Each structure stands twice: as C-alpha cells, then as structure tokens.
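Engineer: structure for this input, please:
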Amino acid sequence: MDKATAAAACIALTVAYVGVLYLHPTARRSSRDDPVVIRARVSVILLCTVVSCAGTGLQLSQDDHENNNNNNSSSSNNSSGWVSTASWLKTLRIIPVPGVLEILRTTVLPTLIFFAGPLVDKVWLSQGYKWIWHDVAVAGTSWIGWRNYIVGPVTEELVFRACVVSVELHAGVSMGTLVFLTPLYFGVAHLHHAFEAYVKDPEQWKLALAMSTLQLCFTTVFGWYATFLYLRTGTIVSPIVAHALCNAIGLPRLRGTGGGQQWRTWVHRMALIAGPIVFATVVFPLTASSRSILQ
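Structural biologist: Predicted structure coming up:
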C-alpha cells in the first residue's frame, strides 16, 4: 500500500465514523446528550467500527500474506490466500490482550502522573474520592456515561489507532509522522461538534467555533499520546484505557482552586507543572513492552 492510498483510506475511515452519526433521523437531533440520540448513535457507531476493523484488518493481513508469499515463493502457509480472524486481530493489535499488571504499569500509572494537577484538584481540593465512585456509577447506569467511558473510548481508539495508524504504518510512514500527524484525523473528526452547537443555537456561532478549536487542540494532543501508547505498548488496550481515564479526569483548571487558602492553590499549580515533567522522564521506561514498535 502506497502513502496516497493509505491517506485516502484514513480519510474514508474518518468520514465513515463521523458520517454514520447523522444517517439515522434520530441521531441527527441537536441534543447529543438526549438518551434517545445516544442509543441511536451507539448502535450505528458500533456497527461502523466492526466493519471498519474487519475491512481494514483483513486488507492489511492479506497484503502481508501476499508480500510474504512474494518474498518466499516456496511458502506453503495459508496457500488459499485467505487470512484468519486471529490474523487480522493481531494485525490491528487487538490481540493478544495484555495482563492487568502490564496495563497498570504501561498506561494507568503514566497517565495518572501526567494528570497529577487535575487529580490533586479533584481528589483533594474539590470533589474528594467520591468523584471516582460517581463516575463508575455514571458509566454503568446512564447512556451519557456509557458513551463517554465505554463506547467512545473503545470505538474511537479502534478506528483512529488500530485502523488509521496501522494503515499508515503499513504504508511505510515514519514514526514521527505516525505520532504527530495521524492524530489530526482524530482531531478533525471532533469538529462536527461545532456544527451541532451551531444548529442548537446559531447566534452563538463564535462560541461554538472557539470551543471546537479548543477541542481540536486537545483531541490532537491526546491523539499524540494515544498513538504513542499504541506504538510503544503494541496493543490497542492501552490507548482505550488511557482514553477512558482522560475522559473521567477532564481538562485541568488553571484558576485558583484552594478555597481561599493560597498554599492549597500553590500545591495545585505545582502539581500541574510537576506532573508533565515527571511524566516525560518516566514514560519510556514505564511503557516498555516486548511488542513495542516505537523504540
């Protein structure tokens, strides 16, 4: 697969993922938090994700099979030309599934270190530990939680990491391009929220544009991290877990959060600075894996 074909495939995957959200009349309603809308969108996005993964995985596995046969004409392995389900699941790095301890080391720990500031804010300065149980309850009992913490992270990472990154990887794209440019597909895919906000209140188009620009920046930066995890750990499970964690923790608050006590505000600010610094020093050793693609 050449780079132009890979780019076209990635654009098609992105358009399909966003486009299916508006195919069903119910899914086109302006309120994206309406449970009826969420149910409609979840059904179509799950189907789209399965089709995207199966189609991409089978095609990439088939390409690998043909290349192997061309390089070794005497090979008798899978001479029928068909690839197994396990083959394309491995190609997209959906299997094998790593153990819990590995996920805690390679994904949970570095993510929590990076988000030290927001964690200090939530756990110590504002909501306390109750926010954890609240989010767990929301994830299991509401359609918004189901979308934010389960369906969203799983489907987005499967499409934009397992499929998009794998396509570009098979096209011979450099590691720098994979990590820093392929997440733009993921970021651009979120711009449809600007359209939804505009439809809901056309007079607030400037606010919708500003919010969507901020979201584009944030999703692209997160896409760098998720792509790094995918390539570094060699499993799609890592970016899925990181995605769910980031959705739960949320964006950091930069204003004072000490409840009138200046020293608490300074502790929060120090955590905001120290988190990324410590993260940068430990992320490579923590994410080391025998399946690593990015060395």
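
Engineer: for this structure, name the helix or strand with the lowest mean pLDDT.
Structural biologist: Across the helices and strands of the chain, mean pLDDT, DSSP states H and E gives its lowest value to helix 192-200, namely a mean of 65.

Engineer: ok, now which ones touch the nearest residue to residue 1 once chain neighbours are set aside?
Structural biologist: The shortest distance from residue 1 to any non-neighbouring residue, by C-beta to C-beta, 6 or more residues apart in numbering, is to residue 171 (5.0 Å). C-beta coordinates here come from the backbone N, C-alpha and C atoms, glycine included. By C-beta atoms under 8 Å, 6 or more residues apart in numbering, residue 171 lies in contact with 1, 2, 3, 5, 6.

Engineer: cutoff 10 Å now
Structural biologist: 1, 2, 3, 4, 5, 6, 7, 9, 10, 177 (C-beta atoms under 10 Å, 6 or more residues apart in numbering).

Engineer: what does residue 232 give?
Structural biologist: Counting by C-beta under 10 Å, 6+ apart, residue 232 makes contact with 106-107, 110, 179, 238, 283-284, 286-289, 291-295.

Engineer: next structured bit after the helix or strand that contains residue 211?
Structural biologist: In this assignment (DSSP states H and E), residue 211 forms part of helix 205-233. Later in the chain than helix 205-233, the nearest helix or strand by DSSP H and E is helix 237-249.

Engineer: which residues of the stretch 1-150 of the chain fall in helices?
Structural biologist: With DSSP state H, counting those that start in this stretch as the criterion, the stretch 1-150 of the chain has helices at 3-19, 35-71, 85-91, 100-103, 109-114, 116-119, 130-141, 143-146.

Engineer: for the fifth one, packing partners?
Structural biologist: Put plainly, it is helix 109-114. Packing partners of helix 109-114 (3 or more C-beta pairs under 10 Å, 6 or more residues apart in numbering; DSSP states H and E): helix 116-119, helix 205-233, helix 237-249, helix 262-286.

Engineer: may I see the ones you listed organised as a markdown table, with distance to residue 144 added?
Structural biologist: Output for the helices and strands packed on helix 109-114, formatted as a markdown table (distance: least, C-beta to C-beta, whole Å):
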| stretch | distance to residue 144 |
| --- | --- |
| helix 116-119 | 20 |
| helix 205-233 | 17 |
| helix 237-249 | 11 |
| helix 262-286 | 27 |
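
Engineer: and of those helices, who's closest to residue 164?
Structural biologist: Among the helices and strands packed on helix 109-114, helix 205-233 comes nearest to residue 164, with 9.0 Å by C-beta to C-beta.

Engineer: what are the buried residues along the closest one?
Structural biologist: 208, 212, 215-216, 219-220, 222-233 (16 or more other C-beta atoms under 10 Å).

Engineer: coming back round to it: so which of the contacts of residue 232 would you say is closest to residue 93?
Structural biologist: The shortest gap between residue 93 and any of these belongs to residue 291, at 7.5 Å (C-beta to C-beta).

Engineer: so is that closest one in a helix, a strand, or just coil?
Structural biologist: coil (DSSP: H, G, I helix; E, B strand; the rest coil).

Engineer: pull the number of nearby residues for it.
Structural biologist: The tally of other residues near residue 291 (other C-beta atoms under 10 Å) stands at 13.

Engineer: check contacts around the nearest residue to it once chain neighbours are set aside.
Structural biologist: The spatially closest residue to residue 291, leaving aside those adjacent along the chain, is residue 234, at 2.6 Å (C-beta to C-beta, 6+ apart). Residues in contact with residue 234 (C-beta under 10 Å, 6+ apart) are 93, 96, 98, 106, 287, 289, 290, 291, 292, 293, 294.
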